[in-house]
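> I'll drop the sequence and a predicted model, then ask my questions.
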Amino acid sequence: MTFEVWISEPVNWVFIVVALAVAGTAVKVVTSQNVVHAVLFLVATLAGTAALFLLLSAQFVAWVLILVYIGAVIVLFLFGIMITRAPTGRGVGLDNDRKGVALVVSSALFAVLTWASLSAFGTAELVDIGEGTPTEVLGRALLGRFVVPFEIVGFVLLAALIGGITIARRDATPADEEGRGG
Amino acid sequence: MIINQFLILAALLFSLGVYGLLVRRNAVMVLLAVELMLNAVNINLVVFEAAIRSTLAVGQVFAIFVITVAAAEVGIGLAIVILVFRNRKSANVDELNLMKW
Amino acid sequence: MTYTIDWLAVAPELTVVAGILVVLTLDLFLSRRDKYWTGVVAVLTVSLAVVPLIVMAADDLTRAMFDGSFVVDDFALVLKGLFLVAGYLVLLMSVTYIESDRYYEGEYYLLLLVSILGSLVLASSRDLILLFIGLELTTGPLFLLAGWRKGDAKSNEAALKYFILGVLSTAMLLYGMSLVYGLTGSVRFVGIREAIPAIGAAQEPALVLGVLLMIVGFGFKVSAVPFHFWAPDTYEGAPTPVTAYLSVSSKTAGFVAMLSVVYLAFPDLTSIWGPALWLLAAASMTVANLSALRQRNIVRLLAYSSVAHAGFMLVPFAGAAVAGQALSEGLSATVTYLVIYALMNLGAFAVVIAGARRTGTGDIEGWAGFGSYAPRQGILLVVFFLSLAGIPPLAGWFAKFVMFQAVIAAGGTAAVWLAVIAALNSVIAFFYYARVVKTVWMDPAPAELGEEATAPATGALRLAMGLAAVAVVVIGVFPGISAFFGDATTRILNGG
Amino acid sequence: MNPLLVLAAEEPAELVTSGFWVEWAGLILISPFVAFLLIVFFGKRMRYQGAEIAIGALAFNTVWATALFVLNMTRGVLYERTFEIARIGFLGGTRELVFELGWMVDGLSTMMYFLVSFVGLLVFIYAVGYMEGDVRVTWFFAAFSLFAGSMLVLVGAPNLVELIIGWEGVGLASYLLIGHYWEKKENSSAGMKAFYTNKLADVGLILGAIIVGVTLGTFSFSELSRVAAEGGSGLQTVASVAAALLFFGAMGKSAQFPLHIWLPDAMAGPTPVSALMHAATMVTGGVYLMARTFPLYQNLAEGVRPAMVVIGAITLFAVGLLALVQDDIKKVLAYSTVSQLGYMMTAVAAGGYTAGLFHLFTHAFFKALLFLGAGAVIHAVHSNNMSDMGGLRKYMPTTYWTFVVGSLALAGIFPFSGFWSKDEILATVGYEGYTFVMWVGIGGAFVTALYMMRAMALTFGGTYKGDGHPHEAPKVMTWPLIGLAVPAAFAGFLNIPGIEWPGIRNFTEWLAVRVVPMGDYHPKSVDVGLAAIGLGAALAGLAVGWWLFGRDASTQAERDRLEIPLLYPLFRKKYYIDDLALGLVWLIKAPFARAVLWINDYVIDGIVNGAGMLTRGLARFVYGGLDQRGVDLVVNGLAAATDAAGSGVRRWQSGRIQGYAASFVGGVVVLVLAVVIFR
């Protein structure tokens, strides 16, 4: 497939716009010197990703991403920033002084990943995206074939919840705990 | 659309995540970078699912699991960061070097 | 499509789930004084979970469910048994440790049980998704447990280091899994294996990347060089029973994941992962043994020792792969090594826990003359450390012997070189173990001992040490026991 | 075929293959370990702090081993009992590898049981006196029991795996015993050095054992012998590799050049340990291994044997020279042990199975005797250095006379035991066609006699140079000396070629009792000419030694410092010029009156001194230039490099998370590239 053919598809214009937004905001996530901005840029990245999922007709995953991440995880991040009183202004040394190493390592990784993708999938097209995966299919898969991981992942969340609270809570002094049940 | 346009975007996000993980001093910012990496994986899974179109929508199911686990990881990570902050009054990861060699 | 469930096959997992719920509930109602009951429940849970394993081992059936993504075969049975035994010993070690400080007992046991549940699931996983969830379930609680000594800055640091590198490795693992899924269109091991021959030469780089990124993810869990950096720091900072669990169960989980994936999904790709494992094995042995020579802290020493042992454990499999030989002997040898390593390493940690209470320090120098005021624990320490060093007739020798046997039987230049590297490393390794033994028995005890110096260990800890010691000696003299388990695992079923 | 040789021994008619003594012989292997446990748990509370338990166990063993020994002497014993402990499949389950434990009673192991038990018993008794007052007597006897027990396991093992178990046990126990006086840094580093060298060699042993196991499907010596005799196994193709690896293991334990470096340093341990280690246990392990796997070398791996002979010959001569320049009496004996092990190894490698083991047998008695004698002296003068001794003959008569017996036996003087065994080695090596090596062996005999004479003269001759008043050792120490002096003197008569004692089979025939009867070529009768040459060399060594060190007590210290000027012109320049100047003055002052004396002192003296100086100069060169600098440098260099690498690698662990993460990701990239490129 030549570039002309590729660019002639309208859906690819949409992709270009969304992808630029995703990539641009992702760059800001890791470079922004304002922590709150960084979090908000992550929101944009995730929203863009959700848009990509819609392009790929994965509506359910797109909404899960929006609900779980933008609805919950991002709030957690903001809480984290507030609690740890991360510096919210500019120019307070949010990055360490080893950017060179980081740049080299991550560029090398990007080169390897890209090379592998390009050589493997070349210009293979996504044909027949269709109406998208019905939620029913996902539901049946999750509660049928994948019921074991589905049930088990609940314990990941349980452990994270209970352990997280235990780890993060401020310890009461021994006197407070005397005679108290929990 | 071709597969690679998504894959390369995912590779870019993943590498940006790695970059962020390597340069960010604040532990919360490091966690943000990790989210970028996991998000890149989700893009991969969803695009492969679109290409393969398995009967069980395995790629999407996998992505849902990754999202769930990522949420749990954020919870765990923030709890640890808060713990560290409480003891050291700082959440900067490069100040943690009590143990070495 | 409907799926039938063989309830016996999932009975061990269900037992642990029930235990988790009981601990969760009890924790709400027990007063602070009575919290130890949660520990009792946890120990009982793990003991009970062995029962269905024995029942299944007796009837010699292989059970496969959910399109063969959840399988209970001999491989799974042996490793589930190993996880339960290791969990049992760690729980015994934890009792004193957790009780003696003001830690959150109920939550502690809950998280440990969740981690055990994850490892049980892992042993049965024949599907990338289940494998990933199992692995996360095993390690997720450990990130938190590593920081359980909340007031201790080192413990905090241990947790954060472990967590950050852990999620990095998870991301790598997932990226690799996604590539493998994209290339093969399947997440089931059997499906992956069947799809691999159809993959064209052009797609090879992506396949290499996918396989290697998965290996990297597992390499982190088994703490192979250069993905081991978290291990020494985390081991040192984490509460010692958690360290014991990390160095045994979590490592074994990593091995189980790695072995089952490469054995069942990528058996035809030895030319990709064989050299990778070869490099990891050689690097792990060499770097870790050299680093261990200079350690002053006993737990840190054991951390490097554990990294080195990870290298030794990779040797048979890597050797068989690079030589292009059948992988089953490598699998058998590695599992034999895992079984023996689990017992002797847990024993070593139990002694270190007991000894650290008496000496009041983790510095090796502070253990001078330990044998003179704690002769029984001193002897146990000698037993476990020399077993780790591979001195016959303690169990460790057989592990090393089988490792060498497997790699030499595999033949081929690369395998023989690996054997030579392993041999030289086993020479180096002797010294840091012997140094501890020497300090404990030969150096004069400090003139004034602390009050704790003569305090006996608690019953649970003594039981843990005793069981491990008996196992190490018995297996050392009758190594057929461990070889039996190792051989059993080669009867591993690939999917349905 | 040389008419002087016969091919040994057919299977004897009345083999003992069952009965109480052989069927329960496994108790010999177990009793020291039982003693070990008893000592650890109860030793501190006992009258002699556990020594009595150790002695009891070895007395039991001595009785049992003597019974077996007598049975073998008169009829021949052959018995093997094994229990399977593990079985692993390989090559896709088509092959199996069986691990077994058990015990073996045949001619070879019976001899070793007897040696280890008997010598061990006497050394233990001696140690009660020697170690009296030591702070860690209990621990010492516990480790000592472990040492003897491990050696018994080593020699009783019916297969390579059990042999390795004993082998490692011996190494471990020696590590503990050499480092007994841990307070001294050099001792603990000596223990380390011993272990470094030994563990390195063990790698060869283990890899060799695994090759044998993998190709045979079992580690059993009996099976190995059968395959060697009858063929029919994959072992043939890799026999040379396996044999070379096993020999490498033996080189470490039996201190063959250049792996001998650990042994002299290991003298840092208490003297009874040195005695047992050098006589009957530990160092003989390697020779024993060669003898046990002899069929492999005799039939399958003949290509390796010349190399083994060369190494043995270098060891026996070059390392023997080093004994000449030592001041520490234990080091003299240590280098002597290395040299004698060289004789044994040369003999076995050349094909002299009987000869090598016969020397092992006699050497055990006289070397234990010499060490214990040296220990008695050290005990008396509180110094290891011969420069602090001298004139002890009149203070310690029993020690003196037994030491003389031991020295003469070691020097190979007729009719002491060493004469016969050394002669048999020379004869066998010569007849096997290694003529040059035989002459090296004769040269070695000269050197041996020379350094033993020096040791005797400096220790017992002349006048006392140390402090205090030396006194004879207590009876608990002198009786073992006498007990060892008797066999040291007479053991040689057991194997005089051509002489049969009534009712007793020949030593050769004892050793021939194996699953597959062992055969080797050995002399049918004494070759008087060769014996005379050998004896002549030894007597010459004694004479030169006496001339140099014993003749004139007042100058012996000075003579001990004689050097060859050409080799050490700078080092000893001053000394030599002074000497020359004195001589010139003296010559001018009395040119004629003392001409006779001049001839006496300068011509005769010159010739003798020349021979002595040449030898000693060579020794200095080898010791200073090669041994201490070259070989030691390599070993120390390796140790230092390991250490430096350790601290270099350690720096990688910087403590910074993001440094770790960068290495992690970098590792991923490197791994991928490596696999892509090198696959």
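All right, it came through fine.

> Output the longest helix belonging to chain D.
Looking across chain D with DSSP state H, the single longest helix is helix D:185-216.

> Counting by contacts, list what the strand or helix carrying D:Ile28 packs against.
In the assignment (DSSP states H and E), D:Ile28 maps to helix D:26-42. Here helix D:26-42 touches helix D:51-74, strand D:95-105, helix D:137-156, going by 3 or more C-beta pairs under 8 Å, 6 or more residues apart in numbering or on different chains; DSSP states H and E. The way it works is simple: take the backbone N, C-alpha and C, and place the C-beta from them, glycine included.

> Could I get the buried residue list for it?
By neighbour count on 16 or more other C-beta atoms under 10 Å in any protein chain shown, the buried set for helix D:26-42 is D:26, D:28-33, D:35-36, D:38-40.

> now, which of the residues you listed sits nearest chain C?
Lowest distance from chain C to these (C-beta to the nearest C-beta) belongs to D:Val40, with 7.2 Å.

> re earlier: what is the nearest of the buried residues of helix D:26-42 to C:Thr439?
D:Val40 (18.3 Å; C-beta to C-beta).

> That closest one touches D:Ala142, doesn't it?
Yes: between D:Val40 and D:Ala142 there is a contact at 5.2 Å, judged by C-beta atoms under 8 Å.

> Could you pull up phi and psi at the residue lying farthest from the centre of chain C?
Going by C-alpha atoms, centre = their mean, the residue of chain C most distant from its centre is C:Ala447, 38.8 Å out. Note on C:Ala447: backbone dihedrals following degrees, to the nearest 10 are phi -60, psi -40.

> The one 10 residues further on now?
Note on C:Ala457: backbone dihedrals following degrees, to the nearest 10 are phi -70, psi 160.

> sorry, back to before: beyond the longest helix of chain D, next helix or strand please.
As assigned by DSSP H and E, the chain's next helix or strand after helix D:185-216 is helix D:221-230.

> Just confirm yes or no for the very next helix or strand once past that following helix near chain C.
Once the chain leaves helix D:221-230, the next helix or strand it forms, by DSSP H and E, is helix D:235-253. No: contact of helix D:235-253 with chain C (C-beta under 8 Å from any C-beta of the partner chain) is absent, the minimum separation being 10.1 Å.

> how big is the angle separating helix D:235-253 from helix D:185-216?
170 degrees (axes from the mean of the first three to the mean of the last three C-alpha atoms, to 10 degrees).

> Does anything pack onto helix D:235-253? Which helices or strands?
Helix D:235-253 sits against helix D:160-178, helix D:185-216, helix D:284-292, helix D:305-314, with contacts defined as 3+ C-beta pairs under 8 Å, 6+ apart.

> quick one: pLDDT of residue 86?
Using chain A. For A:Ala86, the pLDDT comes out at 65.

> To clarify, I was referring to chain C.
95.

> How about the contacts made by it?
C:245, C:248-249, C:252, C:342, C:346 (C-beta atoms under 8 Å, 6 or more residues apart in numbering or on different chains).

> C:Pro267 reaches C:Arg193, doesn't it?
Yes: at 6.6 Å, C:Pro267 counts as touching C:Arg193 under the criterion of C-beta under 8 Å.

> which one of the two has more residues nearby?
C:Arg193 (20 against 17; other C-beta atoms under 10 Å in any protein chain shown).

> I'd like to know how far that one sits from chain D.
As judged by C-beta to the nearest C-beta, to the nearest Å, C:Arg193 and chain D stand 19 Å apart.

> And that residue, which helix or strand is it part of?
Per DSSP H and E: helix C:189-195 holds C:Arg193.

> any residue of the helix or strand just after that helix up close to chain B?
Where DSSP H and E defines the elements, the next helix or strand beyond helix C:189-195 is helix C:204-221. No: contact of helix C:204-221 with chain B (C-beta under 8 Å from any C-beta) is absent, the minimum separation being 8.9 Å.

> Please see if helix C:204-221 touches chain D.
Yes: counting by C-beta under 8 Å from any C-beta, chain D is contacted by helix C:204-221 at C:205, C:208-209, C:212-213, C:215-216, C:220.

> Can you show me the CA trace of that helix as PDB?
Extracted C-alpha coordinates of helix C:204-221, given in PDB (Å, rounded to 0.1, in the frame of the first residue of the first chain):
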ATOM      1  CA  GLU C 204      10.800 -13.200  12.900                       C
ATOM      2  CA  PRO C 205      12.200 -10.000  14.500                       C
ATOM      3  CA  ALA C 206       8.800  -9.300  16.200                       C
ATOM      4  CA  LEU C 207       8.700 -12.900  17.400                       C
ATOM      5  CA  VAL C 208      12.200 -12.600  18.800                       C
ATOM      6  CA  LEU C 209      11.200  -9.400  20.500                       C
ATOM      7  CA  GLY C 210       8.000 -10.900  21.900                       C
ATOM      8  CA  VAL C 211       9.700 -14.000  23.200                       C
ATOM      9  CA  LEU C 212      12.600 -12.100  24.700                       C
ATOM     10  CA  LEU C 213      10.500  -9.400  26.400                       C
ATOM     11  CA  MET C 214       8.600 -12.200  28.100                       C
ATOM     12  CA  ILE C 215      11.800 -13.800  29.100                       C
ATOM     13  CA  VAL C 216      12.800 -10.400  30.500                       C
ATOM     14  CA  GLY C 217       9.600 -10.300  32.500                       C
ATOM     15  CA  PHE C 218      10.300 -13.700  34.000                       C
ATOM     16  CA  GLY C 219      13.900 -12.900  34.400                       C
ATOM     17  CA  PHE C 220      12.900 -10.100  36.800                       C
ATOM     18  CA  LYS C 221      10.900 -12.400  38.900                       C
END
